[in-house]
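1. Sharing a model that was predicted from the sequence below.
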Amino acid sequence: MMSILSLACREDHFAAWDGHVFFGVRTARDGFFLDELQAFRARFLARLAVTVALSDEDVPTSLAAAYPGFAFARGFVHAVAGERMKGRYGDVRAYVAGPPPMVDASLRLLLREARLPPADIATISSAEAKAKERRWASTIVTCSSVRAARPARCRPTPRRTSRASRAGVQKANRQGDVRVNKAGCFSQCGHGPMIVVYPENVWYAGVQESDLDEILSSHIIGATPSSACGTIPA
């Protein structure tokens, strides 16, 4: 789905067409891709809307404050989308991706309530999505510290860590196969600030900006986990 959005933005699709992105997660800590979605929306403020639906918790005020350009709602993503899009399905083409229960619920909404023809609905399964993800050699996930009661040691280093990680990837000219995402909270605040590198699933603890060059050069470029800072078992 992110690849579809990226292509649409590169082709300036939203210069002429409205886009409505509904992104469903369980809790704030599951909010991957929020930075990427924010960057997409920044290019097309008048045409591209993003709504984040949290199914298992109320929307934290800190999360809404961190992404003021997004709309937030409590509920399952298909229900939130159905409410927000009611009466606005004319000339719509829908793209649905995610776990099978979510895809099934969304398809029922689009076919039975929105009355979209099947030809105007495209789906991608979790298995297909995972296959597409394999094009990334590495994924760096940083904690975004959206918890209001986060420890002092995690303020404001995680945001600087995310920015510095992206800058390091670009400096190494690896943005084509290495991506940087932010998670909400790893529930490992005693070890923070943290970053996790996939697919090796290495969890780096107590990460400071000064550690990032070594982690990037050793782990991302050299394929050898870094000893610049501590790690914890995955």
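-> Right, received. Where do you want to start? Predicted, not measured: the structure shown is a model, and the values here were computed from it. Numbers count the residues shown, from 1 in each chain.

2. Next secondary structure element downstream of the helix or strand of the chain with the lowest mean pLDDT?
-> Lowest mean confidence among the helices and strands of the chain (mean pLDDT, DSSP states H and E): helix 126-133, at a mean of 52. Per DSSP states H and E, helix 126-133 leads on to strand 138-143 as the next helix or strand towards the C-terminus.

3. Report the angle between the helix or strand following that next one and strand 138-143.
-> With elements assigned by DSSP H and E, the helix or strand that comes after strand 138-143 is helix 157-171. Note on geometry: by axes from the mean of the first three to the mean of the last three C-alpha atoms, to 10 degrees, helix 157-171 and strand 138-143 are set 160 degrees apart in direction.

4. Who are the packing partners of helix 157-171?
-> When contacts are defined as 3 or more C-beta pairs under 8 Å, 6 or more residues apart in numbering; DSSP states H and E, helix 157-171 packs onto strand 138-143, strand 178-183, helix 209-215. All C-beta spots, glycine's among them, are computed from the backbone N, C-alpha and C.

5. CA-only coordinates of it, as PDB, when you get a sec.
-> What follows is helix 157-171 as a C-alpha-only set of coordinates in PDB (Å, rounded to 0.1, in the frame of the first residue of the first chain):
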ATOM      1  CA  THR A 157      16.600  11.900  21.900                       C
ATOM      2  CA  PRO A 158      14.300   9.500  19.900                       C
ATOM      3  CA  ARG A 159      13.100  12.200  17.500                       C
ATOM      4  CA  ARG A 160      16.700  13.300  16.900                       C
ATOM      5  CA  THR A 161      17.700   9.600  16.500                       C
ATOM      6  CA  SER A 162      15.100   9.100  13.800                       C
ATOM      7  CA  ARG A 163      16.100  12.200  11.900                       C
ATOM      8  CA  ALA A 164      19.800  11.300  12.200                       C
ATOM      9  CA  SER A 165      19.200   7.700  11.000                       C
ATOM     10  CA  ARG A 166      17.400   9.000   7.900                       C
ATOM     11  CA  ALA A 167      20.200  11.400   7.200                       C
ATOM     12  CA  GLY A 168      22.800   8.700   7.600                       C
ATOM     13  CA  VAL A 169      21.000   6.400   5.300                       C
ATOM     14  CA  GLN A 170      20.800   9.200   2.700                       C
ATOM     15  CA  LYS A 171      24.400  10.000   3.100                       C
END
